[in-house]
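A.B. asks: Next comes the sequence, and after it the predicted model I'd like to discuss.
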Amino acid sequence: MKKLRVKLVTNSYDIHIGSGLLAQTGQRLKELGFSDKLVIITDTTVGSLYGNTLKQALLNNSFDILTIEVPEGEEQKSLETAGRLYHQLTDFYAERTTPVLALGGGVIGDLAGFIAATYMRGVPLIQIPTTLLAQGDSSIGGKVAVNHGLLKNKIGAFYQPRLTISDISTLKTLSPREISDGLAEVIKHGVILDSEFFGYLEENIDKIKSLDEQVLERVVSHSAEIKAGVVEKDELDLGLRNILNYGHTVGHAIESVSELKVWHGEAVALGMLAEARISNWLGILEDNEVIRLENLIAKAGLPTEIPGLQLERLIQAMKHDKKILQGKIRLVLPRSIGNVFISDETSQSVIEESLAG
Ligand SMILES: NC(=O)c1ccc[n+]([C@@H]2O[C@H](COP(=O)([O-])OP(=O)(O)OC[C@H]3O[C@@H](n4cnc5c(N)ncnc54)[C@H](O)[C@@H]3O)[C@@H](O)[C@H]2O)c1
Ligand SMILES: [Zn+2]
């Protein structure tokens, strides 16, 4: 097992990464001083796969448990669902000291995190991420949120967990497409800050895809460490965290133009490649670095060509997103693998020409 310490100004905490950790959750919570009641929030799929293992581990340590299963899917990140959950917590007499355990992917992490941040002005949160995306990215950083109308992820808070438990063995039940999707943000962490890690991913991509536990443990911990390093320096997203948006300016446009048929990680992979090509077109990123990125993305099972690319609609989407202002766009561009910078100066015509090839 690997242990990472996330050092924040007021609420530092540990991330535990390894296989079989779910079964030890009871002891871990006792060590943090919890006893008595707790609440598990999960979705139906994750609940049926891992709910019992987690519950057993907690019952062995005499916890009194309320399990709440919500249907799966992004639609559950809503104030309506949150309202129902507050009722269930109240009926259980959950108190300010009652921990909420978020067992699931990024949707559950965001929703249960939002509940923990707001119920009684904040109760302890334990993150137990079960997707590669959640273990390597979304469970770190303290952003918790629900969606509301057009406001995606914008009703929320910064709220750090007391502990994060990433049990690598839970990744075994994800589909290959879900693993690939989660790999996009992991690759992103290599491109923005760590060329050695990028090299490790290149060498081990087959083992990652066959879910080799030792390799996965390293990949998740390194990805988490890179993100935690950025978050430690910019907890409230006032500057440095912007580099985490690499691949996301073009990526979000692809996601919305595809009407969500292209998943988030897939869109980010396409966005990273597009933004690398822009940097190359500007004479900054070398040809062979673009090729390395393209190869790794392809080997990770992610797309490298924007399906039925409609440049017009992508540009429209970026304009709608207020990403293009007066013909200029803010982009995170790679100088080389492991090193990026933020450019406010890229013009719409450069984007059009480099995306058109
Ligand atoms: N807070 C942040 O900083 C942050 C960052 C990135 C993304 N997000 C959010 O994360 C969400 C996406 O997360 P996600 O991709 O994990 O989606 P998800 O939570 O919807 O999980 C994807 C699917 O996998 C299933 N699943 C989860 N774990 C499983 C397992 N071990 N075995 C089998 N099936 C499993 C779920 O039931 C679900 O159907 C989005 O809502 C996004 O906004 C948040
Ligand atoms: Zn993302």
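C.D. replies: Looks like it came in fine. Everything quoted here is computed from the prediction, not taken from an experiment. Ligands and ions are numbered 1, 2, ... in the order given.
A.B. asks: Pick out the residue of the stretch 251-357 of the chain closest to ligand 1.
C.D. replies: residue 264 (6.5 Å; CB to the nearest ligand atom). C-beta: built from backbone N, CA, C; applies to glycine.
A.B. asks: wait, that residue sits on residue 181?
C.D. replies: Yes - with the criterion set as CB atoms under 8 Å, residue 264 and residue 181 qualify as a contacting pair; they are 6.9 Å apart.
A.B. asks: For the closest residue to residue 256 other than its chain neighbours, pull up the helix or strand it's in.
C.D. replies: With CB to CB, 6 or more residues apart in numbering as the criterion, residue 256 has its nearest non-adjacent residue at 5.1 Å, and that residue is residue 317. Secondary-structure element containing residue 317, defined by DSSP states H and E: helix 311-320.
A.B. asks: That helix - what's its average pLDDT?
C.D. replies: Per-residue pLDDT over helix 311-320 has a mean of 83.
A.B. asks: residues from this structure in reach of ligand 1?
C.D. replies: Residues of the chain lying near ligand 1 by CB under 6 Å from any ligand atom: 43, 45-46, 49, 72, 74, 77, 104-108, 110, 130-131, 133-134, 137-138, 141, 143, 153, 170, 173-174, 178.
A.B. asks: what bits of the protein have low per-residue confidence?
C.D. replies: Counting by pLDDT under 70, the chain shows low-confidence ranges at 309, 357.
A.B. asks: How is it partitioned into domains?
C.D. replies: As recorded under automatic domain parsing, the domains making up the chain are 2-174, 177-356.
A.B. asks: Number of residues surrounding the nearest residue to residue 158 once chain neighbours are set aside?
C.D. replies: Among residues not flanking residue 158 along the chain, residue 142 sits closest, at 4.7 Å (CB to CB, 6+ apart). Residues contacting residue 142 under the criterion other CB atoms under 10 Å number 23.
A.B. asks: can you check residue 331 too?
C.D. replies: When neighbours are defined as other CB under 10 Å, residue 331 has 26 of them.
A.B. asks: Okay, and it sits in which element?
C.D. replies: Under DSSP H and E, the secondary-structure element containing residue 331 is strand 328-336.
A.B. asks: partners of that strand, with directions?
C.D. replies: In the sheet containing strand 328-336, its partner strands are strand 324-325 (antiparallel), strand 339-347 (antiparallel), by DSSP bridges.
A.B. asks: just the helices in the stretch 101-250 of the chain please.
C.D. replies: Taking DSSP state H, counting those that start in this stretch as the test, the helices found in the stretch 101-250 of the chain are 106-118, 132-133, 176-193, 195-209, 213-233, 248-257.
A.B. asks: how about those in CSV, adding distance to residue 16 and mean neighbour count?
C.D. replies: Below are those laid out as CSV (distance: least, CB to CB, whole Å; neighbours: other CB atoms under 10 Å):
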stretch, distance to residue 16, mean neighbour count
helix 106-118, 16, 25
helix 132-133, 16, 28
helix 176-193, 18, 23
helix 195-209, 20, 17
helix 213-233, 10, 21
helix 248-257, 28, 23
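A.B. asks: Distance to residue 161 added to those, as CSV?
C.D. replies: Compiled in CSV, the helices of the stretch 101-250 of the chain are given as follows (distance: least, CB to CB, whole Å):
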stretch, distance to residue 161
helix 106-118, 8
helix 132-133, 17
helix 176-193, 19
helix 195-209, 24
helix 213-233, 12
helix 248-257, 24
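A.B. asks: And residue 176, how far from residue 304?
C.D. replies: Counting by CB to CB, to the nearest Å, the gap between residue 176 and residue 304 amounts to 17 Å.
A.B. asks: Now residue 162. Its backbone dihedrals?
C.D. replies: Here is the backbone geometry of residue 162 (degrees, to the nearest 10): phi -80, psi -30.
A.B. asks: Please verify my assumption that it contacts residue 127.
C.D. replies: No - Residue 162 lies out of contact with residue 127 (CB under 8 Å); the separation is 9.0 Å.
A.B. asks: These two: which is more packed in?
C.D. replies: A side-by-side neighbour count of residue 162 and residue 127, using other CB under 10 Å, places residue 127 first with 30 against 18.
A.B. asks: give the contact list for the more buried one.
C.D. replies: When contacts are counted by CB atoms under 8 Å, 6 or more residues apart in numbering, residue 127 is found next to 102, 109, 113, 134, 139, 161, 163, 164, 165.
A.B. asks: Then residue 122?
C.D. replies: Listed by CB under 8 Å, 6+ apart, the contact partners of residue 122 are 96, 116, 159.
A.B. asks: Neighbour-wise, which one of the contacts of residue 127 leads?
C.D. replies: Taking other CB under 10 Å to define a neighbour, the member of those with the most is residue 102, carrying 31 neighbours.
A.B. asks: With adjacent residues omitted, what lies nearest to residue 216?
C.D. replies: If you skip the residues right next to it in sequence, residue 216 has residue 168 as its closest partner in space, 5.0 Å away by CB to CB, 6+ apart.
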